[in-house]
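**Student:** Requesting a structural model of the entry that follows:
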Amino acid sequence: MHGLAHTQTQARVRIERWVMKSEMDWNDLRYFLAAARLGRLSPAARRLQVEHSTVSRRIDGLERAMGTRLFERHRDGLILTEAGHALLPMAEQVEATVAVLSEALSGQDLSVRGEVRLGTPEGLAVCFLTPHLKPLLDDYPNLTVELLALPRLANLASREADLAITLEPPRRGPYVVSRWTDFAYFLYGARDYLKTHKPITTRADLARHPFIAYIDDYLLIPELRFLEKLCEKPNLRFSCTSMLAHKEAVLAGVGLAVLTPYISAGDPRLVKVLPDEAYFRHTFWLAAHADRLRLKRVRLVWDYLMGLIETRRQLFLGSEG
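**Tutor:** Okay, here's the model as predicted:
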């Protein structure tokens, strides 16, 4: 352990000496950060909108300038060395400072402009956020919102997004987290399906009906294993990673599925089944890296999202639709 600590100290000292004596090129650090966060050259190149060879060349040049390896190259990708780990927090601090200075010097303290990337679960992005972002975009014509509609949780640690609405808030790290809203899950069936199949008046009746569910290996969080809470031996007929696909399967008459009210609201073809018993509740959290929230454009979107949900919580809790 003593040897490891000594190696880490040496790496940190080497990095600090290089920072003090050199004229750093921020662009070199951008390439380093993209590679460190994404772990491979090709995704880093796509993030930076350059060629794969450009990322490799800039990282090689940075390593030569520093006189040390920042990455170990493996078949599975890039792994940070001790020197790379030592450089990472310093590079992130430079990144945050450059972003704030760039915003201030370009006059963005007066006119909000630039891109803000928001990561959310797919159903929330498609059924709720997309229809409600237009007022924000109308008020700020120089603002661009990039909405990542993901079948998984957005990764703030890799800077995949500036903001994330997530089912699991970051537990550690320099993040700002706020409870966005609680929301409900109910069991639904298609109106036509329920008219032509055996009636459901108790939980015991559920065993006679087919179900639609998530694929266990791709659950966003373990708490989404709803069926085992509803039925001892559910007749699972169709599994998918997308709640939007669950809805379409219900409408097609494949079976019953657990959906959120903001996805089902306003569709008269869907009916809640045993709403007093087949009911679950969870929480959406709004999270951001503290450095990104210092940017006015990111703070603007954060504040808009917090205001947006204030008058719409009942939709998420199932009081509408």
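**Student:** Show me what the longest strand belonging to the chain is packed against.
**Tutor:** Ranked by residue count and defined by DSSP state E, the top strand of the chain is strand 175-190. On a contact count with 3 or more CB pairs under 8 Å, 6 or more residues apart in numbering; DSSP states H and E, strand 175-190 meets helix 243-251, strand 256-259, helix 261-264, strand 270-272, strand 279-289, helix 290-293, helix 296-310, helix 313-317. Every C-beta, even on glycine, is put in place using the N, C-alpha and C of the backbone.
**Student:** in it, what counts as buried?
**Tutor:** Buried residues in strand 175-190, counted by 16 or more other CB atoms under 10 Å: Y175, V176, W180, T181, F183, A184, Y185, F186, L187, Y188, G189, A190.
**Student:** How about L194: what's its closest non-neighbour residue?
**Tutor:** Closest residue to L194 apart from its sequence neighbours, by CB to CB, 6 or more residues apart in numbering: V271 at 5.8 Å.
**Student:** thinking again about what came up before, using TSV, lay out the buried residues of strand 175-190 together with distance to K229 and pLDDT.
**Tutor:** Below are the buried residues of strand 175-190 laid out as TSV (distance: CB to CB, whole Å; pLDDT from 0 to 100):
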residue	distance to K229	pLDDT
Y175	31	92
V176	33	94
W180	24	97
T181	22	97
F183	17	95
A184	14	95
Y185	10	94
F186	13	95
L187	10	96
Y188	16	97
G189	17	98
A190	22	98
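**Student:** rewinding a little: show the pLDDT at the residue nearest to L194.
**Tutor:** Note on V271: pLDDT of 96.
**Student:** Quick check, it in contact with R191.
**Tutor:** Yes: assessed by CB atoms under 8 Å, V271 is found in contact with R191 at 5.2 Å.
**Student:** neighbour count winner among these two?
**Tutor:** More crowded of V271 and R191, by other CB atoms under 10 Å: V271, with 19 against 13.
**Student:** and D205, how far is that from L256?
**Tutor:** 11 Å (CB to CB, to the nearest Å).
**Student:** higher neighbour count, the two?
**Tutor:** Regarding D205 and L256, a neighbour count based on other CB under 10 Å identifies L256 as having more, with 31 against 14.
**Student:** residue contacts, the more buried one?
**Tutor:** With contacts taken as CB atoms under 8 Å, 6 or more residues apart in numbering, L256 has the following neighbours: L187, Y188, G189, L206, H209, P210, F211, I212, V250, V273.
**Student:** likewise W285?
**Tutor:** Here W285 is in contact with I165, T166, L167, E168, P169, V177, S178, R179, W180 (criterion: CB under 8 Å, 6+ apart).
**Student:** what's the distance between the last one and F284?
**Tutor:** I take that to be W180. 4 Å.
**Student:** quick one: the helix or strand that the longest strand of the chain is followed by to chain centroid distance?
**Tutor:** Per DSSP states H and E, strand 175-190 leads on to helix 191-196 as the next helix or strand towards the C-terminus. Taking CA atoms, centre = their mean, to the nearest Å, one finds helix 191-196 lying 36 Å from the centre of the chain it belongs to.
**Student:** Counting by contacts, list what helix 191-196 packs against.
**Tutor:** Going by 3+ CB pairs under 8 Å, 6+ apart, helix 191-196 lies up against strand 270-272.
**Student:** quick revisit: could I get the contacts of W285 as TSV with distance to R57?
**Tutor:** Shown next, in TSV, are the contacts of W285 (distance: CB to CB, whole Å):
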residue	distance to R57
I165	37
T166	36
L167	40
E168	38
P169	38
V177	38
S178	41
R179	45
W180	42
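**Student:** Which residues are in contact with each of W180 and F284?
**Tutor:** By CB under 8 Å, 6+ apart, the residues touching both W180 and F284 are I165.
**Student:** one step back: nearest to T241, of the contacts of W285?
**Tutor:** If you rank the contacts of W285 by distance to T241 using CB to CB, L167 comes first, at 14.1 Å.
**Student:** Excluding chain neighbours, what is closest to that closest one?
**Tutor:** I221 (5.2 Å).
**Student:** got it, and I200?
**Tutor:** Using CB to CB, 6+ apart, the closest residue to I200 is V273 (5.5 Å).
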